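Colleague: Here is my input; please provide its structure:
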Amino acid sequence: MIHRPTSWPRRTGRDIPSTRRTLTTLGGLAASLAAAIGLAPAASATHVPPGPPVSPPPAPPLAPATTAAVHFPLWAVIAIVAATVILSVATTLVTLSLEHMHRARRAPAAAADSPQTDQPPAHVGR
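Modeller: Alright, predicted model coming up:
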């Protein structure tokens, strides 16, 4: 841990790259928006007039028995799974490369801030 004298000014926000600050801000805004949408009451599309309750509408007619269930073709399922795998691998690789670049930038700065080891320690008198 690097101990700095209290007389040195603190650098607030200078250690964080602007891209990361921007992405963090946008991510926070997106999370806040998602929470606001999730907590907002659903809007009613019709106005219910006051009065006694109305009987439920009749059930829709049943579909004929000859109707077949619609499924995705095999090629579409394979394409969706492949795209998901490719996106997850790409995201992982980008994250790892950003972490590697971040550590590479911090290594020279940490070496510059560390005290010089080639100087002998100061002699403390008894």
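Colleague: all helices in the chain, in order from the N-terminus.
Modeller: With DSSP state H as the criterion, the chain has helices at 18-39, 74-113.
Colleague: The last one versus helix 18-39: what angle between them?
Modeller: What it means is helix 74-113. On the basis of axes from the mean of the first three to the mean of the last three CA atoms, to 10 degrees, helix 74-113 is oriented at 130 degrees to helix 18-39.
Colleague: follow-up on the earlier one: by mean pLDDT, show me the worst of the helices of the chain.
Modeller: Ranked on mean pLDDT, the bottom entry among these is helix 18-39, at a mean of 75.
Colleague: coming back round to it: how about the helices of the chain in a markdown table, adding mean neighbour count?
Modeller: Every residue, glycine included, has its C-beta placed from N, CA and C. As requested, those are exported to a markdown table (neighbours: other CB atoms under 10 Å):
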| stretch | mean neighbour count |
| --- | --- |
| helix 18-39 | 10 |
| helix 74-113 | 10 |
